[in-house]
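Colleague: model this:
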Amino acid sequence: MDPELGDNIVSLGMYLGFDLDELGSATVKIGLTAAKCPLRNQLKRDIEQALAHLPEIRKLNVAMGELSGEQKAKLMDIARRNAQKESPNVEIPQSARIIAISSGKGGVGKSSLTANLAAAIASQGYTVGLLDADIWGFSLPRMLGVSGRIEAEGTKDSWRMTPITKKVGDGELQIISMGFLAQRDSDAIMWRGLMLSRALQHFIENASWSAVDYLFIDMPPGTGDIQMALSRMLPRTEMVIVTTPAKGASLVAARMGDMAKKGHLRIAGVVENMSGFTCDHGATYPLFGSGGGQEVADQLGTSLIAQIPFTPSIAKLGDVGITLVEAETLHEHEKAAKNALIRLATDIVTKVAPIYEVQSCTARILAAVDSALGPL
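Modeller: Numbers count the residues shown, from 1 in each chain. Sure, this is the predicted structure:
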C-alpha cells in the first residue's frame, strides 16, 4: 500500500515488473512519483515483508525509479477518483445542482456574477444556497446586503450551522461565508492550505443545506488548495468558468478548465463577463477586447453560455448591498447587463443545469413496471 495515497501500488500503476532467476534472486521494480520520495524506505520495507515468506525467493532487490510523466498522470487520475469515492456525506439534496463559479485569475467579476446569478434564480421561486469559498477574499455578504453571525446547534461531534437568509422575489438565498465569522470586513484571514480546506469542509458538511434547489459556490481565483479539496469533497460539482474577452484572461481561465477535467468535474459552460459596454444611445463598444470567452469554450470543448455586458453600476450597487438584477431604475447599459444575467439564470434552470427530478424519475419507473406487469 502507498501510505500517502491509500491504495495498493499495483492499482496505482507503481508496480512496474518482477524478475526471478533460477538461483532465487528476485527484483521488484517500483516507480515513484518523485525520485527522492520520503516514503520510499517505508515502501521498500513493506515489499520485503510481504515477500519474505516465499520460499522461492532467496535474495530480494527492490529497484525504485521515477515514473514517467504519463505514468504519473495516470496515477494521479486514479488517486483523485479514489478520493471522490470517499467523499463525505452532506445534507445537500440529490435533486439539487451544485455549481462552482470559477476563474483563473481575480478581477473578472466572478463574485459579482455569483451574487447576481443566485439572486436571479431565487427570484424565480427557488431556494438557492450560496457558499462563499473565497475564504481569504470573502465579499458576498456586502454584495448581497446581509449581515449577522452564523449560529451553530448540536453537540461537539454533531453540529450544524444555519445559513444567513435573504428573501428575493418568490425565493430565498441561504448564505454561508467567512464574512459572518470574521470580526470585521477588514480582518485578514491568514490561513495556510490545510486550514482553508478544513474551513471549506465545515461549510459543506456542517451547514444546513437540506432545503436548497441550487448551491452556488463562489470559488477563489486560480487552481489551489480550495479547488482540489472541492473536487474531492463534492464530486457532483459542476463548474462555470468566468473570463473576460481579453486574450490574457482567457488563457488563464483555460487552466481552470484543465483542472476541472483532471478533477473529473463537469464543465457546465463558460461565461464571458464585461463583454462590451452599451451606451445610452444603444451603441456597444468592446472595451476589454473580444473573443476570449468563445476561445476558452472551444479549447475546453464546452459552450459559451453567456456574454454579460460591462456596467460600472454592478460594483456601485454591490457596495450598498443590492444586486443588479434586483435594481429597477436603470440606464440602457445597466439594462443590457441585467437582461443578460436574467437570461443566463433562465438558461441554467431550463437547459444548462435544471434541478434533478428524482421523484418524477422514480414515478416513471414505477409506472413502467405497472404497465409491464399489469394489476396484481
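
Colleague: Quick one: mean pLDDT over stretch 163-173.
Modeller: For stretch 163-173, the mean per-residue pLDDT is 97.

Colleague: For residue 256, give me its contacts.
Modeller: Contact partners of residue 256, counting by CB atoms under 8 Å, 6 or more residues apart in numbering, are 102, 103, 104, 222, 223, 227, 239, 241. (Each C-beta comes from the backbone N, C-alpha and C, glycine too.)

Colleague: Find the residue closest to it in space, skipping its chain neighbours.
Modeller: residue 104 (4.5 Å; CB to CB, 6 or more residues apart in numbering).

Colleague: what do you get for residue 231?
Modeller: In this structure, residue 231 finds its nearest non-sequential neighbour in residue 263, 3.2 Å apart by CB to CB, 6+ apart.

Colleague: Number of residues surrounding that neighbour?
Modeller: Burial of residue 263 is recorded as 21 neighbouring residues (other CB atoms under 10 Å).

Colleague: In three-state terms, label residue 27 for me.
Modeller: Here residue 27 is recorded as strand under DSSP: H, G, I helix; E, B strand; the rest coil.

Colleague: Quick check: it vs residue 95, distance?
Modeller: 54 Å (CB to CB, to the nearest Å).

Colleague: And residue 19, by the same measure?
Modeller: 55 Å.

Colleague: neighbour count winner among the two?
Modeller: Neighbours per residue, other CB under 10 Å: of residue 19 and residue 95, the larger number sits with residue 95, 14 against 11.

Colleague: The more buried one and residue 355 touch, don't they?
Modeller: Yes: here residue 95 reaches residue 355: they are 5.4 Å apart, a contact under CB atoms under 8 Å.

Colleague: which residues do the two both contact?
Modeller: By CB under 8 Å, 6+ apart, the residues touching both residue 95 and residue 355 are residue 213.

Colleague: if we can go back for a sec, contact partners for the residue nearest to residue 231?
Modeller: Neighbour list for residue 263: 80, 227, 228, 231, 232 [criterion: CB under 8 Å, 6+ apart].

Colleague: Thought residue 230 was touching the first one, still the case?
Modeller: No: the pair residue 80 / residue 230 is not scored as a contact, 11.9 Å apart, by CB under 8 Å.

Colleague: for the stretch 1-150 of the chain, what spans make up the helices?
Modeller: For the stretch 1-150 of the chain, the helices defined by DSSP state H, counting those that start in this stretch occupy 40-51, 69-85, 110-122, 140-144.

Colleague: Quick one: closest of the ones you listed to residue 296.
Modeller: The closest of the helices of the stretch 1-150 of the chain to residue 296 is helix 110-122. By CB to CB, the value is 13.8 Å.

Colleague: Which strands and helices lie in contact with that closest one?
Modeller: Packed against helix 110-122, as judged by 3 or more CB pairs under 8 Å, 6 or more residues apart in numbering; DSSP states H and E, are the following elements: strand 97-102, strand 127-132, helix 140-144, strand 171-176, strand 214-218, strand 266-273, helix 313-319, helix 332-347.

Colleague: List of residues touching that helix?
Modeller: So helix 110-122 is contacted by 101-103, 128, 130, 134, 137, 139-140, 143-144, 168-169, 171-173, 214, 216, 218-219, 221, 242, 271, 273, 308, 314-315, 318, 323-326, 341-342, 344-345, 348-349 (CB under 8 Å, 6+ apart).

Colleague: pLDDT (mean, whole number) over that helix?
Modeller: 97.

Colleague: ok now that helix, how far from the chain's centre?
Modeller: Remark: helix 110-122 is offset 16 Å from the chain centroid, using CA atoms, centre = their mean, to the nearest Å.

Colleague: Could I get the CA-only coordinates of whatever helix or strand residue 153 lives in as PDB?
Modeller: Per DSSP states H and E, residue 153 falls inside strand 151-154. Taking Å, rounded to 0.1, in the frame of the first residue of the first chain, the C-alpha atoms of strand 151-154 are listed here in PDB:
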ATOM      1  CA  GLU A 151     -25.400  30.200  14.700                       C
ATOM      2  CA  ALA A 152     -24.500  26.600  15.300                       C
ATOM      3  CA  GLU A 153     -26.600  23.900  17.000                       C
ATOM      4  CA  GLY A 154     -25.900  20.400  18.200                       C
END
